[in-house]
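**Student:** below are the sequence and a predicted model; questions follow.
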Amino acid sequence: ATIVIFGVIAISVAVVVGFIFLDRYVKSHLNLNGKTVPIHLLDFPEWGSDELKQKIVSTAAGDSRDLSLSEAAAMRIGENIQTFAWLYDVKVQISNQAIVIKAQYRKPVALIKSPDQQYLIASDLVVLDYVNISKLPVVEITGVPAHLLTWRSVSTKWSSEDVEAAVELLALLDRMDKEVVPDKPLLAEIKSIDMSNFNGRRNKSQPHIILYAKDGTEIRWGAQKGAWQRYLEAKDEEKLTMLYNTYQELGTVQLRAAHKGSFIDLIKPQSLSLPIDRY
């Protein structure tokens with residue numbers, strides 16, 4: 001009886017582990033040597049789209065469709081995937097039945113449009129080719145000087161101070177969302193971040209950074225993160241407190257100011273109690 005009980009427990013554990021493993025990958029298919037072969041994308045992110053999945057499979061295939069399941073195929077597919085900026089730390093394994101691709105995924109946080117194309121910018125500032133990702137709050141960065149929009153190569157890092165500052169601020173808001181409003185992230189209500197007056201390059205008396213909500217509300221942030229003291233502005237903590245207090249009071253679905261056309265000014269120093277102890 002004891003052996004039977006332990007046997008049942010072992011089978012139950014194996015079933016649970018099996019379901020956990022199955023939950024960690026997404027299945028697709030690749031044609032090799034005229035045969036349809038399953039391809040498993042291990043650790044495919046929850047925010048990933050079908051378009052991203054198909055792009056990975058297409059990149060993996062490259063011109064390798066005449067290969068059979070072998071170590072040579074694994075090496076060729078690995079070489080193809082290395083050129084795909086969305087993935088890094090890629091490992092490819094091939095068994096008799098399937099291809100398994102394990103990788104880390106870059107998470108897009110911002111969108112930049114040039115006259116002839118658009119880029120996604122990952123949290124580590126790597127430029128990604130555009131793929132529709134509807135499950136993430138990707139904010140458009142506007143006001144980037146025209147000469148910085150040309151000659152951008154996918155897989156390289158975007159190296160301009162205004163874009164770096166925008167991504168840093170978006171990362172700050174993302175951390176606050178997780179701490180304060182995880183069920184209704186504020187970032188999901190932000191449409192764009194205007195960097196046209198970054199460091200006062202157009203007008204030193206006007207806000208350096210402005211966020212725009214999807215309902216049109218203008219959110220005057222001011223100087224880049226960490227530079228508040230230089231311009232005698234509110235501390236970053238105070239800005240965050242006012243912004244999230246306003247959002248929690250007025251933004252049940254959308255971030256709204258008191259009336260249409262008004263704005264939220266976070267620049268003036270104030271004495272406020274913080275929603276959290278850190279940010």
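**Tutor:** Structure received.

**Student:** I'd say residue 43 and residue 100 touch.
**Tutor:** No: judged on C-beta atoms under 8 Å, residue 43 makes no contact with residue 100 at a distance of 10.8 Å. Using the backbone N, CA and C atoms, a C-beta is placed for each residue, glycine as well.

**Student:** am I right that residue 37 is in a strand?
**Tutor:** Yes: assessed by DSSP: H, G, I helix; E, B strand; the rest coil, residue 37 belongs to a strand.

**Student:** that older thread, residue 43 and residue 100: which is more packed in?
**Tutor:** Each of residue 43 and residue 100 has its neighbours counted (other C-beta atoms under 10 Å); residue 100 has more, 16 against 13.

**Student:** what sits up against the host helix or strand of that one?
**Tutor:** Assigned by DSSP states H and E, residue 100 belongs to strand 99-105. Applying C-beta atoms under 8 Å, 6 or more residues apart in numbering, the set of residues contacting strand 99-105 from outside is 25, 30, 37-45, 48, 56, 60, 69, 73-74, 77, 81, 86-94.

**Student:** show the buried residues in the residues you listed.
**Tutor:** Burial by neighbour count, judged by 16 or more other C-beta atoms under 10 Å, picks out 25, 30, 37, 39-41, 44-45, 48, 56, 60, 69, 73-74, 77, 81, 86-88, 90, 92, 94 from those.

**Student:** which ones among these lie within helices?
**Tutor:** 56, 60, 73-74, 77, 81 (DSSP state H).

**Student:** so after the strand holding residue 100, what's the next helix or strand?
**Tutor:** Criterion used, DSSP H and E; the element after strand 99-105 is strand 108-113.

**Student:** now do the next helix or strand along the chain from that following strand: which elements does it pack against?
**Tutor:** Counting by DSSP H and E, the next helix or strand C-terminal to strand 108-113 is strand 118-122. When contacts are defined as 3 or more C-beta pairs under 8 Å, 6 or more residues apart in numbering; DSSP states H and E, strand 118-122 sits against strand 108-113, strand 127-129.

**Student:** redo those strands as CSV? Include mean neighbour count and mean pLDDT.
**Tutor:** Listed next are the helices and strands packed on strand 118-122 as CSV, based on neighbours: other C-beta atoms under 10 Å; pLDDT from 0 to 100:
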stretch, mean neighbour count, mean pLDDT
strand 108-113, 20, 96
strand 127-129, 17, 94
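
**Student:** residue 181: which of those is closest?
**Tutor:** strand 108-113 (17.4 Å; C-beta to C-beta).

**Student:** so the closest one versus strand 118-122, what angle?
**Tutor:** Comparing the axes of strand 108-113 and strand 118-122 via axes from the mean of the first three to the mean of the last three C-alpha atoms, to 10 degrees yields an angle of 160 degrees.

**Student:** pairing partners for strand 108-113, with directions?
**Tutor:** strand 118-122 (antiparallel), strand 139-142 (parallel) (DSSP bridges).

**Student:** TSV for these, including mean neighbour count and distance to residue 177?
**Tutor:** Output for the strands paired with strand 108-113, formatted as TSV (neighbours: other C-beta atoms under 10 Å; distance: least, C-beta to C-beta, whole Å):
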stretch	mean neighbour count	distance to residue 177
strand 118-122	20	18
strand 139-142	20	12
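
**Student:** these: lowest mean pLDDT?
**Tutor:** Lowest mean pLDDT within the strands paired with strand 108-113: strand 118-122, at a mean of 94.
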